[in-house]
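# need a structure here:
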Amino acid sequence: MRTHTLFLSLLATAICALPLPAPRAAAEPDKPVKAFCIDFNWGPGGRHGFARPGLWADANPKEHVDWYAALGCDVIQSFAVSCNGYAWYKNGAVPEQPGLKHDFLTELVKEGRKRNMKVFGYFCIGANNRWEKNHPDLCYRTNGQQIPLTTEYLDYLCAAIEEAVKKTDMDGFMIDWLYNPGGGRDPLPTFRWLPCEQKMYRELMGVDFPGKDKVSRKTEIVFRRRAIDRAWKRIRETTKRAKPTCIVWLSAYDINSKEYENTTLLKEVDWVMNEAGDAKTTAAMRKKVGKHTRLITCLANWNGQDPLKIVPAAAAQGVSLYGFTKPTKSSLLPPISYYLSRPLKTLKGDELNIAVLARHFNGLPLQ
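Numbers count the residues shown, from 1 in each chain. You can find the predicted model right below:
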């Protein structure tokens, strides 16, 4: 017995001396996530259809978390800096939304953690009304993504990312419209070749800009991809330095764009979402991304997908689900009971999407 006890003691000591396995970068579960966003980007009063600064500035973090919890989410996607260029957290270098009542994103993170929910911020890479106003020579001043990915812009963007990550301790953030001006959907337009883009050409291609009429379409595609990968490298390095476990989530309304082919971005980013939402494109993403990358598909009114087809398909493939729509009731949406109490056949658009997601996220039958 004494020998047996000694053996067990020595064995326990040896086991304790073994190195612990390294933690996973983001401590993620393997099961698909259930995500939603009450979208503060769009609304009246701002340029390009973006919400005017200060719209929904009275948003209450606890009320929002309560709504997401009732929906059945385990991931809340909210905002660090929305498309109008103002922050949803307080006391930073990026000015907060005028009249911001709460330290919204910071408090949202704290409230979400009480419910075992991850909370994400957001940065729109290709559009920012405040940047456009302050730097008219460094943007196209058009709708859609219209900011060249210059060194000056990346300096601003990465400073904002580092500030937001450190101030709010968010679990991650979505990057959206990570395309060059006018890019994304094919056929891609030609560049205007602003002076700042000519400077980028020298930085990215290693030779002086040859003139607008001497840049071939093939060369322009190479330039586009290098611009995106340089931006991605800066974003990734900044994020992981600020918080190694912080998740970077790419939303792509056209994952098949020529701008994205063979980019480091798709191989390295943590999560990738097919915002177009179709099951075929979502399934095909597996060949484009890294082995570690989480796949997400999207339900939103703009993409016209049938939730009664997309949700079961995503569940069968182990793909995560996400939905979004702008507020309709103050800074929120109607209570989840509204969506659960109505037959699905009586709903359409985003109301149908939310009703299906609420049933799926809460383990209820889709009927």
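
# quick one: neighbours of residue 210, just the number.
By the measure other CB atoms under 10 Å, the count of residues near residue 210 is 13. C-betas here are computed from N, CA, C, even on glycine.

# helix/strand/coil for it?
Three-state call for residue 210 (DSSP: H, G, I helix; E, B strand; the rest coil): coil.

# renumber starting at 632 from here on
Sure, I'll start counting at 632 from here, so that last one is residue 841.

# elements contacting the lengthiest helix in the chain?
In the chain, assigned by DSSP state H, the helix with the most residues is helix 848-873. Applying 3 or more CB pairs under 8 Å, 6 or more residues apart in numbering; DSSP states H and E, we find helix 848-873 packed against helix 782-799, helix 826-836, strand 878-883, helix 895-899.

# what's the closest of the ones you listed to residue 967?
Residue 967 sits nearest to strand 878-883 of all the helices and strands packed on helix 848-873, at 23.7 Å, using CB to CB.

# tell me which of the helices and strands packed on helix 848-873 sits most buried.
A comparison of those by mean neighbour count, using mean count of other CB atoms under 10 Å, puts strand 878-883 on top with a mean of 24.

# CA atoms only: put it into PDB for me.
Provided in PDB are the C-alpha atoms of strand 878-883 (Å, rounded to 0.1, in the frame of the first residue of the first chain):
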ATOM      1  CA  ILE A 878     -11.300  38.500 -32.600                       C
ATOM      2  CA  VAL A 879     -11.300  40.300 -35.900                       C
ATOM      3  CA  TRP A 880     -14.500  39.600 -38.000                       C
ATOM      4  CA  LEU A 881     -14.600  40.400 -41.700                       C
ATOM      5  CA  SER A 882     -18.000  41.200 -43.300                       C
ATOM      6  CA  ALA A 883     -17.900  40.900 -47.100                       C
END
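
# mind listing what that strand pairs with, with the direction of each?
Paired neighbours of strand 878-883 in the sheet (DSSP bridges): strand 803-807 (parallel), strand 902-905 (parallel).

# give me the angle between it and helix 848-873.
On the basis of axes from the mean of the first three to the mean of the last three CA atoms, to 10 degrees, strand 878-883 is oriented at 150 degrees to helix 848-873.

# and the contacts of strand 878-883?
657, 659, 708, 749, 751, 802-807, 809, 866-867, 870, 891, 896-897, 900-906, 927, 929 (CB atoms under 8 Å, 6 or more residues apart in numbering).

# helices of this structure, start to end?
Assigned by DSSP H, the chain shows helices spanning 633-648, 692-702, 735-745, 760-765, 782-799, 826-836, 848-873, 895-899, 910-915, 938-948, 967-971, 980-992.

# reformat the ones you listed as JSON lines; add distance to residue 885 and mean pLDDT.
As requested, those are exported to JSON lines (distance: least, CB to CB, whole Å; pLDDT from 0 to 100):
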{"stretch": "helix 633-648", "distance to residue 885": "51", "mean pLDDT": "37"}
{"stretch": "helix 692-702", "distance to residue 885": "28", "mean pLDDT": "98"}
{"stretch": "helix 735-745", "distance to residue 885": "28", "mean pLDDT": "98"}
{"stretch": "helix 760-765", "distance to residue 885": "23", "mean pLDDT": "98"}
{"stretch": "helix 782-799", "distance to residue 885": "21", "mean pLDDT": "98"}
{"stretch": "helix 826-836", "distance to residue 885": "22", "mean pLDDT": "98"}
{"stretch": "helix 848-873", "distance to residue 885": "13", "mean pLDDT": "98"}
{"stretch": "helix 895-899", "distance to residue 885": "13", "mean pLDDT": "98"}
{"stretch": "helix 910-915", "distance to residue 885": "9", "mean pLDDT": "94"}
{"stretch": "helix 938-948", "distance to residue 885": "17", "mean pLDDT": "97"}
{"stretch": "helix 967-971", "distance to residue 885": "29", "mean pLDDT": "98"}
{"stretch": "helix 980-992", "distance to residue 885": "20", "mean pLDDT": "98"}
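
# among those helices, which comes closest to residue 664?
helix 980-992 (10.1 Å).

# other SSEs contacting that closest one?
Short answer (3+ CB pairs under 8 Å, 6+ apart): helix 980-992 packs on strand 665-669, helix 692-702, strand 925-930, helix 938-948, strand 951-956, helix 967-971.

# in this structure, which residue is closest to the centre?
Using CA atoms, centre = their mean, the residue of the chain that lies closest to the mean C-alpha position is residue 805, 1.6 Å off.

# on that earlier part again, would you mark the buried spots in the longest helix of the chain?
For helix 848-873, burial by neighbour count (16 or more other CB atoms under 10 Å) applies to 851, 854-863, 865-867, 869-870.

# pipe the helices and strands packed on helix 848-873 into CSV and attach distance to residue 814 per row.
Formatted as CSV, the helices and strands packed on helix 848-873 follow (distance: least, CB to CB, whole Å):
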stretch, distance to residue 814
helix 782-799, 15
helix 826-836, 13
strand 878-883, 11
helix 895-899, 13
